[in-house]
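# Have a look at this prediction, sequence included:
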Amino acid sequence: MNKEVSDLFIDIYQNFNVVSQVEKMKQLSRKELLLLLVLATDSYNDDDPVVMKNFEKFGPELQIIYDCLPDLSGDDFEMPDTDMIELGKETGDKFIKVQNLINSKGEKIPPPLSDEEALIKRREIGIDEIIDNQ
């Protein structure tokens, strides 16, 4: 089962390790924000300072995701958050299969930028800002 996500979601996801995405993240619906945080925790290196800065403002939402994780004993668990329950249903799995996310054209979302690609993009953005301000 595929779940369509917004273009804003995809833009934030692709640039999560490039520059701050916090203001854009605040524009997402609560469900898309939770879904983005699940995907980002699965996809990005938490040693990256840009990534950690993007997570920083969303501690309560990350706690919700954490609280919805099953324990490793394999015991059945309850998902205490209604948006997380809905996301599980919409993605076809109680653990939220992020590989089932698609854009508005029905295409799978692209993989995150590599560290090198993110560095190049950060430089491009920085140089563009310098040029624009001259």
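Arrived safely.

# What's the mean pLDDT across the strand or helix carrying residue 117?
Assigned by DSSP states H and E, residue 117 falls within helix 115-132. For helix 115-132, the per-residue pLDDT values average out at 88.

# Geometric centre of the chain: which residue is closest?
The centroid of the chain falls nearest to residue 36 when counting by C-alpha atoms, centre = their mean (2.6 Å).

# Now do the contacts for it.
Neighbouring residues of residue 36 by C-beta atoms under 8 Å, 6 or more residues apart in numbering: 9, 12, 13, 25, 28. No exception for glycine: its C-beta is placed from N, CA and C like everyone else's.

# Next step: those restricted to helices.
9, 12, 13, 25 (DSSP state H).

# CA atoms of the helix holding residue 117 as PDB?
Only the C-alpha atoms of helix 115-132 are listed here, as PDB (Å, rounded to 0.1, in the frame of the first residue of the first chain):
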ATOM      1  CA  ASP A 115      27.100  13.500   2.700                       C
ATOM      2  CA  GLU A 116      29.100  14.700  -0.300                       C
ATOM      3  CA  GLU A 117      26.000  15.800  -2.300                       C
ATOM      4  CA  ALA A 118      24.700  17.600   0.800                       C
ATOM      5  CA  LEU A 119      28.000  19.500   1.200                       C
ATOM      6  CA  ILE A 120      27.900  20.600  -2.400                       C
ATOM      7  CA  LYS A 121      24.300  21.700  -2.100                       C
ATOM      8  CA  ARG A 122      25.200  23.700   1.100                       C
ATOM      9  CA  ARG A 123      28.000  25.400  -0.700                       C
ATOM     10  CA  GLU A 124      25.700  26.300  -3.700                       C
ATOM     11  CA  ILE A 125      23.100  27.800  -1.300                       C
ATOM     12  CA  GLY A 126      25.800  29.800   0.600                       C
ATOM     13  CA  ILE A 127      27.400  31.100  -2.600                       C
ATOM     14  CA  ASP A 128      24.000  32.000  -4.100                       C
ATOM     15  CA  GLU A 129      23.200  34.000  -0.900                       C
ATOM     16  CA  ILE A 130      26.500  35.800  -1.100                       C
ATOM     17  CA  ILE A 131      26.000  36.700  -4.800                       C
ATOM     18  CA  ASP A 132      22.400  37.800  -4.200                       C
END
